[in-house]
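A.B. asks: coords please:
(one chain, ligands or ions: 1)
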Amino acid sequence: MHRLSAIAPWRAYAQSVRDAGGRVGVVPTMGALHDGHLSLVRRAHDNGDVVVLTSFVNPRQFSDASDLAGYPRTPAADIALAEAAGVDAFVSPSLEEMWPDHPRPTLTTVAVSELAAPLEGAGRPGHFDGVASVVAKLLVITGPARAYFGEKDYQQLVVVRRLVRDLAFDVQVVGCATLRDEDGLALSSRNALLSPDGLRRARALSRALRAAKSSKGRPSECRTIMREVMDSAGVDVAYADVVDVATLTPLGDHERGRGRAMVAGVVEGVRLIDNDEIDFDQGGDRRALGD
Ligand code: PAF
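C.D. replies: Predicted coordinates:
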């Protein structure tokens with residue numbers, strides 16, 4: 001496995017792969033790797049890509065200094081996991097090269113306005129500007145054929161797809177299914193910050209999604225159910241919404257088609273998110289919409 005950090009050799013490595021007729025697949029991460037990340041690597045291998053995994057805790061996407069300071073960092077374990085997973089190049093760029101003006105704000109920002117505003121964007125001002133800016137930079141440097149993102153961060157996936165479309169990046173964005181533990185908890189680097197009791201409470205997020213889905217209720221009923229499940233488990237609910245899969249605007253009770261149930265909450269000071277698709281077209285005995 002190649003280990004790179006400076007931009008020049010990183011760019012040169014990706015170019016050498018393309019020159020040899022290979023296709024680069026990039027897996028952007030903030031480190032603290034878990035099986036969810038490794039599933040993205042597996043997907044890239046299945047597609048025949050030469051896998052470049054980037055690991056960079058991007059300060060621009062943290063609106064809270066203590067959240068950034070407390071974000072899990074496990075560099076030695078990450079390198080071992082990436083190597084065992086067959087990653088071709090592990091890139092850990094420096095803050096100096098990624099954001100040379102840091103801690104002053106960088107003048108250039110990629111903002112995916114309306115998609116960045118609701119849900120996570122409402123609770124974490126500037127978060128998606130930071131995500132979109134760093135992803136754009138990673139794509140410019142790496143020049144991948146494909147870029148892999150987990151559906152666990154569904155709003156991020158929608159934002160990245162839009163930036164790729166709007167700025168005509170020549171890359172296919174591949175969304176990969178969320179990996180869960182045996183109790184349904186979505187794998188996340190942040191889970192490592194929770195106590196056993198916190199982990200137990202965190203499971204309410206996926207339970208809320210399942211309860212909404214199986215209720216066969218309308219979007220407003222799903223919102224109530226999800227909030228109740230999380231509330232009663234002691235999760236400090238940030239939002240429990242059902243939105244349009246593409247625009248992320250709240251789905252009305254009369255609307256049909258696929259929606260995305262989105263939940264976020266805080267447990268032991270750790271912000272957690274999860275989501276799932278719900279089909280409001282007709283699901284067996286789903287109650288008539290708009291009644
Ligand atoms: O999902 C993440 O880990 C980060 O938001 C990303 C995409 C690597 C950008 O920093």
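A.B. asks: Glu120 and the ligand, how far apart?
C.D. replies: 10 Å (Cβ to the nearest ligand atom, to the nearest Å). (C-beta placed from N, C-alpha, C; glycine too.)
A.B. asks: can you tell me the element the nearest residue to that residue once chain neighbours are set aside falls in?
C.D. replies: Distances taken as Cβ to Cβ, 6 or more residues apart in numbering put Gln155 closest to Glu120, at 5.3 Å, once the chain neighbours are dropped. Using DSSP states H and E, Gln155 sits in helix 154-166.
A.B. asks: so Val17 is in contact with Val24, correct?
C.D. replies: Yes - the pair Val17 and Val24 qualifies as a contact (Cβ atoms under 8 Å) at a distance of 5.2 Å.
A.B. asks: ok, back up a step: burial count for the residue nearest to Glu120?
C.D. replies: 23 (other Cβ atoms under 10 Å).
A.B. asks: do Ala77 as well
C.D. replies: Neighbours of Ala77 (other Cβ under 10 Å): 13.
A.B. asks: so Ile273 belongs to a strand, correct?
C.D. replies: Yes - Ile273 forms part of a strand when assessed by DSSP: H, G, I helix; E, B strand; the rest coil.
A.B. asks: who's it bridged to?
C.D. replies: Ala264 (DSSP bridges).
A.B. asks: that one reaches Gln156, doesn't it?
C.D. replies: No - counting by Cβ under 8 Å, Ile273 stays clear of Gln156, with 9.5 Å between them.
A.B. asks: anything in contact with each of the two?
C.D. replies: Shared contacts of Ile273 and Gln156 (Cβ atoms under 8 Å, 6 or more residues apart in numbering): Glu120.
A.B. asks: strands along this protein, start to end?
C.D. replies: 2-4, 24-29, 50-55, 89-91, 146-150, 172-176, 236-244, 258-267, 270-279 (DSSP state E).
A.B. asks: and Arg73, how close does it get to Met230?
C.D. replies: The gap separating Arg73 from Met230 is 28 Å, by Cβ to Cβ, to the nearest Å.
A.B. asks: fine by me, we can end here.
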